[in-house]
Structure formats: C-alpha cells, structure tokens
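Q: Below is the sequence, then the predicted model.
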Amino acid sequence: MAPCNFQLAYFFFSVTSLLLLSTVIQADTNIGFSVDLIQRDSPLSPFYNPSETYIDRLHNAFLRSILRINHFKTSSSASTKALQSPMVPSGGEYFMEISIGGIKVLGVADTGSDLNWIQCKPCKKCFKQKPQIFDPTNSSTYKLLPCESPYCTALEKDKRCDVMGNVCGYKYSYGDGSFTEGNIGSENFTIASSTGSLVSFSEIIFGCGHNNVGVFDEVGSGIIGIGGGPLSLISQLSSSIRGKFSHCLVPTSSNVTSKITFGTSNLVSGHNVVSTPLVDKEPKTYYYVTLEAISVGKKRLAYTSSAPNITQKGNMIIDTGTTYTFLDPEFYEKLAEALEKAIGSKRVRHPSGLPSVCFQVASDHSDLPIITVHFTGADVKLPPVSSYITLQNDMVCLTMIAFDDIATFGNLSQMNLYVGYDLENRKVSFMPTDCTMHSKNA
C-alpha cells in the first residue's frame, strides 16, 4: 500500500454561525495561540460511547491504528509524490474547533494529512449528514482556484481541471471504493483559541466536495490537515506562525483537554528539551525522524528494520493520528525479551487479544523499567504513562506493537511530552511535561 498524502477523517459541523466580533485577531506575523484538542474517546467527543470499557476503547483504537498504519506502507510501484489512497475514509484521534466561511465545525487535527476537505452544495451526490451542508454561494469570501494555481499543481494525480472555466478540481478515491470529487477553493478560516479569542486567516485553500459517495458518518466528514505538505493548514499559515506548532497530549485518564499551540508563543524550551532533525523525504506530508535505538533501563537495543525500501535515515514517522507506536517485528521481539528480563516476569496474553506485550507486575508498578527512545541527537525518556497501559492493578501492556514497515511514533507514546515542531529549522523537540497542568495553564 502506498503512502497517503491526504486522508479523509470525520469533520463535525454545527449550523451555528460564528460572528466575527471585536474579539477576532487578524492573522499577522509572530502570532501565537493555543487550541483545545479533544481526544476521540473523551466524553467531550461526538464518538464517546459510555457503554464501552477502557479495554473496548483500546481495542477499537488498535483497529483504527492498523487501518491507518497501512496508509504509510511504502510501494516501489507507485510515485510517492502523488496523493495516495488510504484504506478507508475514516479515522482521527484528536479534534479541534474551527470555522470555515462562518460555520463552526469540529474537525480532526491530523499530522498525517494535508488537504482540508468538506461537503459543499450543489450536490451531484452527497452522503447523508445531520448538519447543513456548506453552500459557497452564500459566502462572499469563497473563491475558486484557477488551474494554474500552485496549490492545484500540488494535487498531482488527483488534479482535475475544467479548462473551459479555468477551475481547479480534484477527485480523490479511497481503498474501499468511496470517493470525493469537487473544486479547490479558498475561504476564511477562524480558530477559537483556548482563551476565548478568535483568530482569523483569510484565503485558506480547501477542497469543496460536490460529488461524495461511500461509507461516511452522518455527523459530517473532512479534515484539518497539519502535515508538512504544501496544502496543509500548517504550510499555509507558515509565514504567520513562523512554521512552528506544538502539542501536549494529556493522559487518557485526565479530565482536561490537550492543547495544540500555533506560532511562537509557548515554545518548547528549557534545560530538559532535546531535539532531533526532521528528515526530508517523500511524501512531504509526514514528519520523518531517525530512530537509532530504544533502551530498557540501561540495556540499549540498536534499531534496525527488516522491511524492504526502509532506509535507516528517516525510518520513523511521528503521528498523532496513530494510537500505538509501531516497530519492526524482529526488533520488537528483542524489546519484549529485554522487558521480560528487566521486569522478571513472563509475558501474558492481552485480555482482548491485541498483539501487545503484557506482563504481570507488582501492584505499585515499582518493577517497571524506564524506556528511552533514542532519536538522532535526542534521547527521549518516556514517562511511565507513555510506555505502559495499566489494564489491571497487576497487569500492564506496552504502548508499542510490531509492524513490518516504517516505524511510527504514536500518540500514546507522546502523552506527557511537550512536542514542538519547527519547520523553518527542520527539527522536532521533546520535553517531559505534566500535560494536564500545562493545559490548565495554557
């Protein structure tokens, strides 16, 4: 399966108009603002199901991770520069509030995606959704893009062009047969910051789908792309936010929302900060880093991948949309053996059958070794909550799973880490942080 530069995920609409009052901050250089991130299984999420157990949610997150990780699979027979099809038009683990053309929405904030996409009238064919479908004819600020636009060119194989009208279009097909087709346009985007202020950006490029067929959720669909490609929200806001954003993901047990910060305010800084270079590879959507080793306590295990076409440099993707961290199967077995020896306990089966290494441990978890992830130039000591999932008082499971392709650093491993992306200086930084306190103070 080829990598995907553009992933569709759920995008939730509200028909409530968002009036741009005096609290709106017009986009300018050096801007900085924080936004709430709502985890998919949080009670604040539209997908929250109170009847599900914690193990149920982990199992469902694992299934979503497997679908998503297949999007990253490399293919020697296809151009990695082209926007490639994911398995299914669903997914996403964190949501943020945003307004497109004056309509407030709750959309997926996804580091593994680029183009922003919503349904639009008139519909040749639109899937059923509960809220009103966006009508660009009711907006005085919506504009169509011409075919010669560099954003249109960036669509590559998914570009469609109405030569007579000189209108840029797109058609994007998914692995399950679903597809979306429409025009590429621009519109004002407004983001509600965690302080209550509204931050407005003009002429943001997004997909306006007029022909959308397949398995989509009625709540709505679309995405807020914060990947590294030219169509992403991050890339389009680059001059205003100086190519910088950061996030601090709270543990799943926390009763507060995580935060994502855009711009130069609240930079990841301090004596505990470590940084690793971002590796430039195709497709540019993903944030590639080099994983050199993982340590269990003082036992350092050099990381290697047995998968074809995976070079050592840039062998891992950092991705908030994948729940678990995925590692090469041969290396994963060595990691499991080192954990077994360090903990002094035999492995046990995961209660729901997930392929994650689990152990019977002391009830106070005093026997759990520290896991350190060694990136180039950055030794990231994972907090216990980022390394282990407690399923019972005396049973923990690793937040990492084996996978036979490119490694992925998932969101469970990023909890209680302040992670900062600096796209101008091409680096990502990490700092151990109590993200619950950070969110309360942001």
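A: Nice, I can see it. Residues are numbered from 1 along each chain as shown.

Q: most remote residue from this structure's center?
A: Seen from the C-alpha centroid of the chain, the residue lying at the greatest distance (C-alpha atoms, centre = their mean) is residue 164, 37.6 Å away.

Q: Let's verify that residue: helix, strand, or coil?
A: The three-state label given to residue 164 by DSSP: H, G, I helix; E, B strand; the rest coil is coil.

Q: how close does it sit to residue 369?
A: 66 Å (C-beta to C-beta, to the nearest Å). In this view, the C-beta of every residue, glycine as well, is placed from N, C-alpha and C.

Q: Then residue 421?
A: For residue 421, the distance to residue 369 under the criterion C-beta to C-beta works out to 29 Å.

Q: Could you verify that residue 63 is part of a helix?
A: Yes - counting by three-state DSSP, one finds residue 63 located in a helix.

Q: got any ranges where the stretch 201-350 of the chain has weak pLDDT?
A: Along the stretch 201-350 of the chain, segments meeting pLDDT under 70 span 215-222.

Q: quick one, helices of it?
A: Listed in chain order, the helices of the stretch 201-350 of the chain (DSSP state H, counting those that start in this stretch) span 233-236, 238-241, 329-343.

Q: TSV for those, including distance to residue 94 and mean neighbour count?
A: As requested, these are exported to TSV (distance: least, C-beta to C-beta, whole Å; neighbours: other C-beta atoms under 10 Å):
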stretch	distance to residue 94	mean neighbour count
helix 233-236	14	24
helix 238-241	18	17
helix 329-343	26	18
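
Q: give the contact list for residue 256.
A: The contact partners of residue 256, by C-beta atoms under 8 Å, 6 or more residues apart in numbering, come to 250, 436, 439, 440.

Q: who touches the second one in this structure?
A: By C-beta under 8 Å, 6+ apart, residue 436 lies in contact with 250, 251, 254, 256.

Q: Now it: which helix or strand?
A: Under the criterion of DSSP states H and E, residue 436 resides in helix 435-441.

Q: mean confidence score for that helix?
A: For helix 435-441, mean pLDDT is 87.

Q: before we move on, what about stretch 135-143?
A: Per-residue confidence for stretch 135-143 averages out to 95 on the pLDDT scale.

Q: hang on, residue 265 packs against residue 32?
A: Yes - taking C-beta atoms under 8 Å as the contact criterion, residue 265 and residue 32 are neighbours in contact, 2.6 Å apart.

Q: So which of those two has more stuff around it?
A: With other C-beta atoms under 10 Å as the criterion, residue 265 and residue 32 differ in neighbour count, and residue 32 comes out ahead with 18 against 15.

Q: Any of the contacts of residue 256 buried? List them.
A: Neighbour counting over the contacts of residue 256 (16 or more other C-beta atoms under 10 Å) leaves 250, 436, 439 as the buried ones.

Q: Show me which of those residues is closest to residue 98.
A: Using C-beta to C-beta, the shortest approach to residue 98 within the buried ones among the contacts of residue 256 belongs to residue 439, at 18.7 Å.

Q: pretty sure the closest one is touching residue 247, no?
A: No - in this structure residue 439 lies outside contact range of residue 247 using C-beta under 8 Å: 10.3 Å.

Q: joint contacts of those two?
A: 258, 259.

Q: For residue 370, list the residues it contacts.
A: Taking C-beta under 8 Å, 6+ apart as the criterion, residue 370 is in contact with 295, 297, 381, 382, 384, 387.

Q: now, which of those residues sits nearest residue 150?
A: Looking at those and their distance to residue 150, the nearest is residue 382, at 40.0 Å (C-beta to C-beta).

Q: where does the residue most central in space within the chain land on pLDDT?
A: Residue closest to the mean C-alpha point of the chain, counted by C-alpha atoms, centre = their mean, is residue 110 at 3.0 Å. As summarised for this prediction, residue 110 has a pLDDT of 82.

Q: for the one 10 residues further on, same thing?
A: The confidence metric pLDDT takes the value 90 at residue 120.

Q: My read is that it contacts residue 135, right?
A: Yes - because the distance of 7.1 Å satisfies C-beta under 8 Å, residue 120 is recorded as touching residue 135.

Q: Counting neighbours, go ahead and name the busier of these two.
A: The residue with more neighbours, out of residue 120 and residue 135, is residue 120; 24 against 14, by other C-beta under 10 Å.

Q: Tell me where the stretch 51-200 of the chain has helices.
A: Secondary structure of the stretch 51-200 of the chain (DSSP H, counting those that start in this stretch): helices at 54-69, 150-153.

Q: Name the residues of the longest one that are buried.
A: It refers to helix 54-69. Residues of helix 54-69 classed as buried under the neighbour-count rule (16+ other C-beta under 10 Å) are 57, 58, 59, 60, 61, 62, 64, 65, 66, 67, 68, 69.

Q: and if you look at the last one?
A: The neighbour-count check on helix 150-153 (16+ other C-beta under 10 Å) flags 151, 152 as buried.

Q: Equivalent analysis for stretch 293-303, please.
A: Residues of stretch 293-303 classed as buried: 294, 295, 296, 303 (neighbour count, 16+ other C-beta under 10 Å).

Q: Pull the residues that contact that stretch.
A: Stretch 293-303 is contacted from outside by 291-292, 315, 327-328, 331, 334-335, 338-339, 342, 369-374, 407, using C-beta under 8 Å, 6+ apart.

Q: and that stretch, how far apart are its ends?
A: Counting by C-alpha to C-alpha, to the nearest Å, you get 5 Å between the two ends of stretch 293-303.

Q: Bridged to residue 289, which residues?
A: Taking DSSP bridges, one finds residue 316 as the beta-bridge partners of residue 289.

Q: quick one: it and residue 275 touch, right?
A: No - with contacts defined as C-beta under 8 Å, residue 289 does not count as touching residue 275, sitting 10.2 Å away.

Q: can you list residues touching both of those two?
A: In the contact map built from C-beta under 8 Å, 6+ apart, the residues linked to both residue 289 and residue 275 are residue 428.

Q: what pLDDT does residue 102 get?
A: At residue 102 the predicted local confidence, pLDDT, stands at 84.

Q: And for it, the neighbour number?
A: What residue 102 shows, counting by other C-beta under 10 Å, is a neighbour count of 18.

Q: With residue 166 instead?
A: Neighbours of residue 166 (other C-beta under 10 Å): 13.

Q: Let me see the contact set for the residue nearest to it when sequence neighbours are not counted.
A: Counting by C-beta to C-beta, 6 or more residues apart in numbering, the nearest residue to residue 166 once its immediate chain neighbours are dropped is residue 146, at 4.9 Å. When contacts are counted by C-beta under 8 Å, 6+ apart, residue 146 touches 152, 166, 167, 168.

Q: So of the residues you listed, which two are at opposite extremes in space?
A: Checked with C-beta to C-beta, those reach their widest spread between 152 and 166, with 10.2 Å between them.
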